[in-house]
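Colleague: coordinates only, no sequence provided:
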Ligand SMILES: Cn1c(SCC(=O)Nc2ccccc2)nc2c(=O)[nH]c(N)nc21
């Protein structure tokens, strides 16, 4: 199993890969000029790559519960300088975390290799644009919108409903011209799910893997850990490592995290048990 990337590169998914989170939203940097922020992002990227991340996820729109929408120009000016700087310095895989078609095109042109869309290409023009760009896409499930999604998440059967949504979106993508082997599925932990929903999805990770599509799991430092353990976001490393280990052992191929060094080690243990040393 592998993803075909631009510029004759590819990403081998026969073993789980760690995706480092590179947030470029203003609340993710100590204040300082644009240049300083770019330097900080490049330094953080270098550290994550040194620690074993093979993918860096760049996002300009905060999708935290209650977050407001971000304008196109604002999102572009946050992500493009960072993508260009990373592309010119590192040979890593870069994913662009966006739902806007215009950001997808500009980001891929600047050097991004994968589209990571928390809205599963449902925004205007997103599906056609992603198909035209011919890069791998991650389709994530979200119930509702970031501003409202955590008010009252509700499902008859969260696993069945999330999986059915993702399989349908994957078919929509294939009909638009995206190859099945270029489609990654993601249950969207914390996006319109309560604590029980999140752990039912984690327990059913093998069902998503059995779909045959690559699976991305993103639970790092999320409230599904904070609420369960009653710990603040700064005390969620152990819980995050447990989630990453469970997901990798169940066969998830991409694990999206903040704490790269520790997760690379934990995922390597899980992979040794599942695939052999
Ligand atoms: C962009 N993005 C996000 S942002 C939310 C987040 O990290 N919240 C958060 C981070 C730290 C603490 C509390 C909450 N989560 C996913 C995911 O699970 N899958 C994919 N594919 N993309 C994703």
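Modeller: Thanks, I have it. Only a predicted model underlies this, so the values are computations on that prediction, with no experimental measurement involved. Numbers count the residues shown, from 1 in each chain.
Colleague: check what pLDDT the residue in the stretch 101-250 of the chain that the ligand sits nearest to gets.
Modeller: Residue nearest to the ligand within the stretch 101-250 of the chain: residue 218 (2.4 Å; C-beta to the nearest ligand atom). Glycine gets a C-beta too; all of them are placed from N, C-alpha and C. Here, the pLDDT recorded for residue 218 equals 98.
Colleague: residue 26 too?
Modeller: Residue 26 is assigned a predicted lDDT (pLDDT) of 73.
Colleague: same deal with residue 70?
Modeller: Note on residue 70: pLDDT of 89.
Colleague: and the closest residue to the residue of the stretch 101-250 of the chain closest to the ligand other than its chain neighbours, which of the three is it?
Modeller: Excluding its sequence neighbours, the residue lying closest to residue 218 (C-beta to C-beta, 6 or more residues apart in numbering) is residue 256, at 3.8 Å. At residue 256 the chain is in strand, as set by DSSP: H, G, I helix; E, B strand; the rest coil.
Colleague: measure residue 256 to residue 74 for me?
Modeller: Here the distance between residue 256 and residue 74 works out to 23 Å (C-beta to C-beta, to the nearest Å).
Colleague: next: residue 68.
Modeller: Between residue 68 and residue 74 the computed distance is 11 Å (C-beta to C-beta).
Colleague: what about the helix or strand hosting residue 245, near the ligand?
Modeller: Here residue 245 sits within helix 237-249, counting by DSSP states H and E. No: on the criterion C-beta under 6 Å from any ligand atom, helix 237-249 is out of touch with the ligand, staying 9.1 Å away.
Colleague: so what pLDDT did the residue lying closest to residue 226 once chain neighbours are set aside get?
Modeller: Using C-beta to C-beta, 6+ apart and skipping residues adjacent in sequence, the residue nearest residue 226 is residue 236, 6.0 Å away. On the pLDDT scale, residue 236 is placed at 98.
Colleague: all good on my end, thank you.
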